[in-house]
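Undergrad: return a 3D structure for these sequence lines:
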Amino acid sequence: MNKRTTAKVSLVAIGAIAISVTAIIAGCIEVEEPKLTTITLGYQPSTHHVAAMVAVEKGWLKEDLARLGIEYVDIKVFPTGPPMMTAMMAGELDIAYVGLAPPVAALYRGLDARVVAAVNNEGSALVIRPELVEEYEKVGLPAVLAGKRVATFPPGSIQHTVLTRWLREHGMCPVADMDMKAMGPAPARTAIAADEVDAVFLPSPSPAMLEIAGDGVIVLWSEDIMPGYICCGIVASGRMIREHPEIVKQIIRTHINATRWVEENPAEAAEIFVKTVGGDVATVKRSFEIWDGSFIVDPHLGVESALIYADVIFEINREEFEAHGIEPLTKEDIFDTSFYDAIRIG
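TA: Residues are numbered from 1 along each chain as shown. Purely as a prediction, here's the structure:
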C-alpha cells in the first residue's frame, strides 16, 4: 500500500470515528424544542367555546404559556369550523376550538393535525319561524322541513353533518327535499328574522337568542337528533404536536382548568362571553339554563362520535374518495390522546 492510499484510508477512518463520536454525543444530549414565541389560537362565537374565552380573559393562557417562552397568543375568531381547518391547512392556525366534524372532513383532504382534547357535547337546536308552528304541530319532524329553506353551518361542519345524518335516517335528502343554505350564526339569525329562511340548526346561544327575540321557536335539541354526541374538541396542528409537545400539553391543562371554572361560574362565564363576543348577558345566561349540552375535556369520549362523522362524510363523498383510493378514517387518524393521558396520569 503506497503513502497516498494509506493517507486516504486514514482520513476515512478518522471521518468514521468523528461521525461515531458525534452520534454518541448527540444521543446523550436532550434535543430542545424549536424556539417558538407566538402561537395562533382560534375559536367560534359560540358558548361551546366559552372556556377558551375565559382562559384568555382571565389571563391564564398568557401566563401559563409565558413559562414556555410564548410571548404572544394571537386569537382569531371564525364563524364556523370549515374555514378554521382551511386556515390550519395553510399554516395560519396552530390550535383550534372546533367541532369534531371539520377536522375529520379536512383530514380526508390532507390536514396534518389531531384532536387532543374534548370541549363539549351536544348544544345545538333546530329553530323554526313562529309562523310554521301550526304546521309543525300537524305534520311533525322532519316533515315540516320538506320544501323549506333551512340554514345551518357549511358542509363539513358539525351542525351540517349531524343534521344530514338525522334527515337521512328519516328518509329525507337535504339536497332534494329542501333548500339547505350554508350560513354562519349571525347571518342565519338575521335570515330567519327576515323571513329569508324557514328554519335554522345552530349552536348555542343562537337558539335562545332567536326564541327570546321572538324570531323563532325551538322545536328540537340536538340530544334528540344524535343522543350523546360529542360536538367540539381542541385540534392541534401536526407541527405543534411534533415540535412543541409541552406547549400542547399546557394548553390542554389550561383548558381543563378553564372548563372547571365555567362549570362552577356559569353566570360570570356568560358575562365574559358577552364581553368577548357581544350580545345580552341575560340571554346568554338563559342559554346556559336551557341548552342540552355540557362541558367535557376527555378526548376519549369523542372517539365514537368522530368515527360516525367520518362515516357520514365518507358516504357524502364516497365516489370522489374511492376514486382516489381514500378509505374511512380510523381513531388513530383523528386523535392523539397521549397529551391528555399524560396529564391525567400525572
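
Undergrad: does Phe328 touch Phe314 like I think?
TA: That one is not Phe; residue 328 is Pro. Yes - using Cβ atoms under 8 Å, Pro328 makes contact with Phe314 at a distance of 4.8 Å. All C-beta spots, glycine's among them, are computed from the backbone N, C-alpha and C.

Undergrad: wait, isn't Leu292 in contact with Ser222?
TA: For the record, residue 292 is Asp, not Leu. Yes - using Cβ under 8 Å, Asp292 makes contact with Ser222 at a distance of 6.2 Å.

Undergrad: pick out whichever of the two has more residues nearby.
TA: Counted by other Cβ atoms under 10 Å, Asp292 and Ser222 do not tie: Ser222 has more neighbours, with 27 against 18.

Undergrad: for the residue lying closest to that one once chain neighbours are set aside, name its beta-bridge partners.
TA: Nearest residue to Ser222, sequence neighbours excluded (Cβ to Cβ, 6 or more residues apart in numbering): Ser124, at 4.2 Å. On the basis of DSSP bridges, Ser124 is bridged to Pro203.

Undergrad: how much space is there between Ser124 and Ala199?
TA: Here the criterion is Cβ to Cβ, to the nearest Å. By it, Ser124 lies 13 Å from Ala199.

Undergrad: which one of those two has more residues nearby?
TA: Between Ser124 and Ala199, counted using other Cβ under 10 Å, the more crowded position is Ser124 (32 against 26).

Undergrad: who are the contact partners of that one?
TA: Taking Cβ atoms under 8 Å, 6 or more residues apart in numbering, we find Ser124 in contact with Ile158, Gln159, Val162, Phe201, Leu202, Pro203, Ser204, Pro207, Trp221, Ser222, Cys231, Gly293.

Undergrad: what is the nearest of the residues you listed to Ala66?
TA: Cys231 (30.5 Å; Cβ to Cβ).

Undergrad: the host helix or strand of that closest one: partners in the sheet, and parallel or antiparallel?
TA: Take DSSP states H and E as the rule and Cys231 turns out to sit in strand 230-237. When pairs are called by DSSP bridges, strand 230-237 turns out to pair with strand 95-99 (antiparallel), strand 113-121 (antiparallel).

Undergrad: which parts of the next helix or strand after it are buried?
TA: Moving toward the C-terminus from strand 230-237, the first helix or strand encountered (DSSP H and E) is helix 238-243. Residues Met240, Ile241 are the ones in helix 238-243 that count as buried (16 or more other Cβ atoms under 10 Å).

Undergrad: any residues touching helix 238-243, and which ones?
TA: 33-34, 36, 39, 91, 94-95, 112-114, 116, 247-248, 336.

Undergrad: try 10 Å
TA: 33-34, 36, 39, 88, 91, 94-95, 111-114, 116, 236-237, 247-248, 251, 336, 338-339 (Cβ atoms under 10 Å, 6 or more residues apart in numbering).

Undergrad: stretch 71-78 too?
TA: 36-45, 49, 52-53, 55-56, 61-62, 64-66, 83-87, 92-98, 102, 184, 251, 276-277.

Undergrad: which among those residues end up buried?
TA: Of the contacts of stretch 71-78, these count as buried by 16+ other Cβ under 10 Å: 36, 39-45, 49, 52-53, 55-56, 61, 64-65, 83-87, 93-98, 102, 184, 251, 276-277.

Undergrad: so which of these are in strands?
TA: Here DSSP state E is the test, and the buried ones among the contacts of stretch 71-78 give Ile39, Thr40, Leu41, Gly42, Tyr43, Ile95, Ala96, Tyr97, Val98 as lying in strands.

Undergrad: what's near enough to touch the first one?
TA: Ile39 makes contacts with 61, 65, 68, 70-74, 93-95, 237, 240, 244, 247-248, 251, as judged by Cβ under 10 Å, 6+ apart.

Undergrad: which pLDDT value belongs to the closest residue to it other than its chain neighbours?
TA: Leaving aside its chain neighbours, Ile39 sits nearest to Asp94 (4.6 Å; criterion: Cβ to Cβ, 6+ apart). Listed pLDDT for Asp94 reads 98.
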